[in-house]
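Trainee: Coordinates for the following, if possible.
(4 chains, ligands or ions: 4)
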Amino acid sequence: MGDLTRLVLKRLGLGLLTLLVVSILIFFAVELLPGDIAEAVLGQSATPETVAEMRRQLGLDQPAVWRYLQWLGGAVQGDFGVSLVSGEPVSEAIGDRFVNTLFLAAYAAVIAVPISIILGVTVALLRNTLFDRVANVLTLTSISSPEFFLGYILILFLAVKTNMFPAIASLSSDMSLSELLNRTFLPALTLVLVVTAHMMRMTRAAIINLLASPYIEMARLKGTPPWKVIVKHALPNAWAPIINVIALNLAYLITGVVLVEVVFVYPGIGQALVDAVAKRDFPIVQACCLIFAATFILLNLAADVGAILTNPRLRHPK
Amino acid sequence: TKSAAAAPQRGGTFRWGLHDGNTGDTHDPGTYVTRTMIFLAHTHRSYLTMINGDGSLGPDLADSWEASADASEWTFNLNQNASFHSGRKVTADDVIASLNHHRGDETTSAAKALLTDVVEITKDGDHTVKVKLTGGNADLPWLMTDYHFAICPANDDGTIDWKSGDGSGPYKIDSGEFGVQFSLSRHDGWHGEGAWFDKVDIITLNDPNARQTALVTGDVDSVSLIELKTMALLQRDPNINIFNIPSAGAITLPMLCDTPPFDNVDVRNALKLSMNRDEIIEKIAFGAATKANDFHHSPAQPYWPDDIPQREYDPDQAKSLLKKAGAEGLSVSISTADSVYAGAVDMAVLYAEQAKASGINIDVVREPNDGYYSDVWLKKPWCLVSWGARPTPDVMYTLAYKSDAAWNESRWQNERFNELLLQAKAELDDTLRAEMYREMAMLARDDGGTVIPFFNNFVYAARANVGTPDQLAASWESDGARAASRWWFTS
Amino acid sequence: MTKFSDKDILLEIKDLRIQGYSDETWVDIIKGVDLTLHRGEVMGLIGESGAGKSTIGAAAMGYARDGTRICEGSSIEFDGMELTTATESERRALRGSRIAYVAQSAAASFNPAHRIIDQHTEAPVHYRIKKRLEAQEDAMELYERLRLPNPQEIGFRYPHQVSGGQLQRAMTAMAMSCRPDLIIFDEPTTALDVTTQIEVLAAIRDIVDQFNTAAIYITHDLAVVAQMADTIKVLLKGEEVEQASTEEMLDNPQEDYTKSLWAVRSFKRKQKSRPTDGTEPLISVQNVHAAYTGGVKVLDDVSFDIYPGMTVAVVGESGSGKSTTARVITGLLPPMEGQVLFKGEPLPPKYTDRTRDQLRQAQMIYQMADTALNPKVKIHEIIGRPAQFYSGLKGTALKQRVDELLDLIELEPSQYYNRYPPELSGGQKQRIGIARALAAEPEFIICDEVTSALDQLVAEGILRLLDRLQRELGLAYMFITHDLATVRSIADEVVVMQNGKVVEQGPKDEMFRPPHHPYTDLLLSSVPEMDPNWLTELLEERGLDNIGEAATSKGDAAPST
Amino acid sequence: MSVFVIGYYAALIAASCLAAYFNYRRTFMLLFSLTLVSFVLGIIGGTPALRVVTIFAGALALAVGTSYAFKEFLVQIARPNLAKELRTAPLTASFGMFVIFTYAIAGIFAPVIAPHGEAEVIASAFAPPDANMLLGADQLGRDVFSRIIYGARNTVGLALTATILAFLMGALAGLLAAVKGGWFDQIMGRAADVIMSVPSLIFALLMLSIFGTSLVVIVIVVAVIYSPRVFRLTRAVAGNIVVMDYIEAAKLRGEGDWYLIRREILPNSMSPLIAEFGLEFCFVFLLIAGLSFLGLGIQPPTADWGSMVRENATLISFGDITPLIPAAAIALLTVAVNFVVDWMLFRSSGLKEH
Ligand SMILES: Nc1ncnc2c1ncn2[C@@H]1O[C@H](COP(=O)(O)OP(=O)(O)OP(=O)(O)O)[C@@H](O)[C@H]1O
Ligand SMILES: Nc1ncnc2c1ncn2[C@@H]1O[C@H](COP(=O)(O)OP(=O)(O)OP(=O)(O)O)[C@@H](O)[C@H]1O
Ligand SMILES: [Mg+2]
Ligand SMILES: [Mg+2]
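Mentor: Residues are numbered from 1 along each chain as shown, chains lettered A, B, ... in the order given. Ligands and ions are numbered 1, 2, ... in the order given. Just a heads-up that it's a prediction; the model follows:
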């Protein structure tokens, strides 16, 4: 287990480095974006004097590198600055939203991950049958239209036509959990449909890939029933790629769902990021991107650790 | 409008879905830019004056106002009953501080340009404010309806406290999150009439589909914008009333008059003639628009000249003009973006198809939504712009057609036009003034650098149980942004 | 046939025909084989690779392997039950409980994700024969009987934590878990080295005797089957050649094919001795110490010389450092100390620092032709590439050279020129490996266990080929192997390695004459002989405990690749 | 009871009997269960439901027939080696190939096939289908069918270029990292992490705003966004290959990295890469469609399926199927590509069952 701890620490260290690079990249990318916060905030009514004045007030007249270092100095001490637009501390500005995003991601993941694995196992068992084809066609179709469109279709059938679920997922703090789950069901379902196909197909592929192994034949020759061959003998050896794809999709659920948030008016962090980019509110953009990057790094790490934990060869080295 | 005006009654929570909001919004009136903030401002703050449902100018915080003879000095008398949500009375100091917020070197207000000719603002007792101008401006009281000039409580040092969200409007903010939603409840000490609802929820619904479904499913009572594409389909729903209000908002296509080939007036006119406005109104605005005539003065504004001949689609004449200008086979590009106006890109594409008949090749360039107004507008030789409704032709012309205006988007220079603009501004005689505006319209139409296909209507909707006055204001969507204080529930 | 009465018939296969699906058509694999097996009888099934042994073994369980089907008209009757017409679930109910299977490679056939004991108890628990705990205890008992070290604990390890020989015994125990009536052993010892093989053979024989279990023992090694079987059936290309009791078969084979199998072991060539005229050794390994990064020392002061035109056999059990020595010579693993001389000149320790010509002079033929030939590259390119790379041949010259090489290894150029490696048999692949080495025109070739994955007829062919090439081209070989029979037939000198050290070296005939180093002795005596009583006698001679010893002392040995 | 209903049941039962007689068990089960289901359907949904079933079954039969014929066709024209492989293809795979083939033809010969130009305005907005316009008109009165055809060229062309570029960059980097190892491997790995950890829409927004929205930039940006995934996959696959003996043999021969990558490793990592290609291809479509959300996608009036869905997406809320047509075009292609991919995966798994 010492090895595992070492691996985790090493990866976390590299992760910090990655975060640093991401922050540099984001800072200068935002810097390179045409227009700046003053022009963005003032919009159509910007005049050169007001823009210049606003820049001065926000300290944008200082050199970019200097501003970055200032920000970095604060960030290292845990102070991610204040929103340039509203003057609110970054943590306050996006804290709640991040929680919302995590909630939606968790909601979708709790449904999608078991379903895709079960479905993946089932289609691997019934491979090349009608069921397999139909399941594949359905899931593939669901990922081949843009997610906002999928959202529209769900809204049409589940909200407008049958009125089963609310069409917009606006939240308030005094909701009970069941109400919350009901309100956010449609966005969660959309996300489920978006991520299921990928995970299901990877599960299927990973399992099928093992079916020609001698130990699978051995299991069959021991009289193990077909479903047990898949579940007990193939699946445990197929975890590594499956976990990786799950991690990738979880990362997507957290970082990539802007459009779903827009469609369902869900106050998540993706929307905040897009807005902040539009306003060139650098501290917010930076904080969002760092959160996303950290999520990604942690999930990847979790996937690698998971792959190790599910592989006895790595878990119990000789 | 479909709904009959029954007697208004009190009660209910009005859930109002608005079409434009941003997480980065603030309560600073100087940086109001999204619809959510503008509408919120009209709900929780007050202005000196307001535009009534019938389009006339009415009192808000100011009971009455009068001008000096040359219209260079104005006096506003404040309503003595007006109070902020905190309970404090509204005084002249608050008004002065609020207006000064948009003036001076330190300001970062987007409305700075509107007040450049204000010399000084003084008080005369607690409830009288005097505004002194460099020259005459007959429209100053109209100008005071501009959404930036919301009155906020003054601090002791002459700045305003905008952060707290305090105001003197009909509703006070209970809670809220920018770009998401605000909950408000009635301000009992409001000085005006109306405010029938007990509570108002303002919900930002950026996605057109989200707005429509929320309205259809009853998740909101009214929305501020309907996608024109689906207007006809939505109309079939008996539970929904659609309001289609002609406005002074316009789509313009300014050509930089100092940049070839647009420096040639014949080329400009050829382009104006190559547009089939009827088809554009039918296919892009789905009928919800008023045909424009290449001058930026709408029938919804005062002094509109109704006898100017409409310019029609005439490829042949366009061709001959081009021939005259030696610019046959003209090829130009026009920049546009989806965010300018729903269908803006389509409109440019359609225009390009129409212009082919005149032998003109228009290349449509879609620009990123992000940063359109800082990178494209005023910079690219020809682009597509959406203008909000301005109360009077003077405000509009001063902003964007005066030769030295910061936003003279077509860089059009016309001596006579500038002269007339100054004269009309200070002219208190309506007939003379109308006469001048007619001449300016002709100049803009025949010499100006802006193609104006139409004035877009405001198309918004409410559920059938929402009662509305007979006449709805044309200054903003949702009854001049004041639906919350003017509408009521019928059942 | 005398030992068993007809009443005790357990399995009767009649006119078995099995087809395999390849190239979009069904081809016959088994062409009408009959087989009768009595209770308690052990039948040896032998034949060259691809003869259909495994297929018959699986068919005895009513199981058609992936891509094969049992044709109509075949009959497989197990204990009165006709398997060809039984439903899938009826057939499945037999597997594991009444008929068990021991796979060729235990290392690959144990599921790496589960503990050995969990896999062991799966069948008894599934068939509700025993409760889990009971089954576990039974497993430990079986482990003990099979003389596995630590029988109480070893089952709780994962397969990768156990050596190959031990796994093979655990697999046998697993097959016994439901006390089946019939066990099918599919080449259970082919992947093991000689010393380990003996333990497994002994264990299998014991357990089968104890429980009076019938068995089908599949192998291609006659000497092995001689130790195990009561009757032997010889197969060739899906057809039966002959069947007889073991003694009869050994003493008096009837058919030519069977006789040819015997003849394999008679290949021998004349031993050469070192040149006495003072020629320098071609390769001289001098006091080499080596270790893999972060690991313990694998080679400890290894020295030996190889003279031009001679064959030096390096023998030793798995993990003794034979392949590592080869890696040091080729420069893949720079030594910690010591050096390698080529014609008296020191070679740079890393292959990347060697010149093209130095690389060309030492070629290597790998043990596993499957992994040594790129499956996606055509034969002519595999062979042609070294010629092109070192000699700059192009166009027709290159094609001519490739044809020449193909001729040399006795493959018809026109037929094989454009094939891919997966389209070749094991022996053919190995020949391609040889041709690739020859294409570089080296003076020295390292053969790393080139015959251990091949059946005897094919292996014999390879050895003859290598010998011929040596005579024609004057090559020197370093011949790594753990098979002493091969050493006997081909080597001039022998180097014996154990635990990274050279324990003995010298000319072959001296080495095969006692007295030996005790380890050499163990190796030599472990090579099975064609005498049915050889194993029994050997076990008596060594004593039971000694065999177990040999297994545990190298529990860590990595499977050779 | 109309003639149709009687004919319907008669045909089904006759087919079931035939299947039973000739001992096609699965066909029989399928047909007969369909018969039973049809009884229920007929009672609940009446004749229209049966008609739907018939149309559906007909479409399926047509697809099966086409796929079969197409497969035979391919087998006939292919070289012997390839033909042998093709013969093993299941019907779904040949259906996939047929669809891909059709799309390719549509894309390549778009100007010849499409009855109207992609930008040509010929009717009123949302004009219904007629003899002239198979699928009706869009919001500007352009022929939807023609735009779909042109879309095949523009969208697929763009997505294909971007995906191929992503694969070239990602695979090359992955192969190099696997072969070189050490610090190069580390740097490439970290760089991939960085790119992947920025949300793709934001990344695209930043890059496109900075470098402009020309087609070339779009292709490059999309490729950069997707290449890290390819990189990781390739690195993993190649990691398993570089330890093979044949790589060692080539290294011992003194071969350079480039030869190793090109001749030794790449041919062996093709099948997982191709499988990944199937899904990535679809994701690229969607990303490009998503770009138009930010106003950054393909320039108008170029027809692009993603944008065609987007432009009229809200109509779906009123049950108008206009946006479904381009969405179906994308879905069909995705399904088709993945059918082919499934077949390749199955082949590379080494299973031979039927
Ligand atoms: N699925 C299949 N499709 C086609 N041919 C097959 C299939 N499985 C096996 N064969 C062929 O059947 C023959 C017999 O195979 P089998 O595995 O029984 O041989 P074997 O005697 O066990 O050989 P080995 O000693 O190599 O294990 C071989 O020629 C093999 O190529
Ligand atoms: N790449 C490696 N890294 C670390 N240790 C290794 C590596 N390869 C081999 N070893 C270890 O080095 C020792 C010698 O291995 P080597 O492969 O030389 O044995 P061998 O005599 O060739 O055995 P075999 O007959 O099984 O091929 C073994 O203990 C093995 O576990
Ligand atoms: Mg076999
Ligand atoms: Mg070895």
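Trainee: D:Ile149 against D:Ile113, yeah?
Mentor: Yes - counting by CB atoms under 8 Å, D:Ile113 is a contact partner of D:Ile149 at 5.4 Å. For the C-beta atoms, the positions are set from N, CA and C on the backbone; glycine is no exception.
Trainee: Find the closest residue to ligand 2 in the stretch 101-250 of chain D.
Mentor: Going by CB to the nearest ligand atom, ligand 2 is nearest to D:Val243 of the stretch 101-250 of chain D, at 9.1 Å.
Trainee: I'd guessed C:Thr324 sits against C:Ala291; true?
Mentor: No - when contacts are counted by CB under 8 Å, C:Thr324 is not listed as touching C:Ala291 (9.0 Å).
Trainee: What is the burial count for the residue of the stretch 101-250 of chain D closest to ligand 2?
Mentor: Neighbourhood size, D:Val243 [other CB atoms under 10 Å in any protein chain shown]: 11.
Trainee: Minimum distance to chain D, which residue of the stretch 51-200 of chain A gives it?
Mentor: As assessed by CB to the nearest CB, chain D sits closest to A:Ser144 within the stretch 51-200 of chain A, at 3.9 Å.
Trainee: What of the stretch 301-450 of chain C?
Mentor: Taking CB to the nearest CB, chain D has its nearest neighbour within the stretch 301-450 of chain C at C:Lys376, 3.4 Å off.
Trainee: Contact partners for the residue nearest to that residue when sequence neighbours are not counted?
Mentor: Ranked by CB to CB, 6 or more residues apart in numbering or on different chains and with sequence neighbours excluded, the top spatial neighbour of C:Lys376 is D:Pro267, at 3.4 Å. For D:Pro267, the contact set (CB atoms under 8 Å, 6 or more residues apart in numbering or on different chains) comprises C:Asn374, C:Lys376, C:Val377.
Trainee: still on that earlier bit, neighbours of the residue of the stretch 301-450 of chain C closest to chain D, how many?
Mentor: Going by other CB under 10 Å, the residues that sit close to C:Lys376 add up to 17.
Trainee: now swap in C:Asp34 and tell me
Mentor: 13.
Trainee: Same check on the one 5 residues further on?
Mentor: As a burial measure, C:Arg39 scores 17 neighbours (other CB under 10 Å).
Trainee: Roughly how far does it sit from ligand 1?
Mentor: For C:Arg39, the distance to ligand 1 equals 25 Å [CB to the nearest ligand atom, to the nearest Å].
Trainee: count of neighbours near the residue lying closest to that residue once chain neighbours are set aside?
Mentor: Spatial nearest neighbour of C:Arg39, excluding adjacent residues (CB to CB, 6+ apart): C:Asp8 at 4.5 Å. Burial measure for C:Asp8: 12 neighbouring residues, criterion other CB under 10 Å.
Trainee: Spit out the contact partners of C:Asp8.
Mentor: The contact partners of C:Asp8, by CB under 8 Å, 6+ apart, come to C:His38, C:Arg39, C:Gly40.
Trainee: which non-adjacent residue is nearest the last one?
Mentor: In space, C:Gly40 comes closest to C:Asn212 once its chain neighbours are excluded; the distance is 4.4 Å by CB to CB, 6+ apart.
Trainee: With B:Lys291 instead?
Mentor: B:Arg277 (5.2 Å).
Trainee: which residues touch the one you found?
Mentor: By CB under 8 Å, 6+ apart, the contact list for B:Arg277 reads B:Lys291, B:Ala292, B:Glu312, B:Tyr313, B:Pro453, B:Phe454.
Trainee: Is it possible to get the contacts of C:Asp8 out as JSON lines so that each row also shows distance to ligand 4?
Mentor: Formatted as JSON lines, the contacts of C:Asp8 follow (distance: CB to the ion, whole Å):
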{"residue": "C:His38", "distance to ligand 4": "42"}
{"residue": "C:Arg39", "distance to ligand 4": "42"}
{"residue": "C:Gly40", "distance to ligand 4": "39"}
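Trainee: Show the pLDDT at the closest residue to chain B within the stretch 351-500 of chain C.
Mentor: Going by CB to the nearest CB, chain B is nearest to C:Lys376 of the stretch 351-500 of chain C, at 45.1 Å. pLDDT recorded at C:Lys376 is 83.
Trainee: Identify the residues contacting it.
Mentor: If you count contacts by CB under 8 Å, 6+ apart, C:Lys376 has them with C:Tyr420, D:Pro267, D:Asn268, D:Met270.
Trainee: Following the chain onward from the strand or helix carrying A:Val192, which element is next?
Mentor: Here A:Val192 sits within helix A:185-210, counting by DSSP states H and E. Counting by DSSP H and E, the next helix or strand C-terminal to helix A:185-210 is helix A:214-221.
Trainee: Alright, I will stop here.
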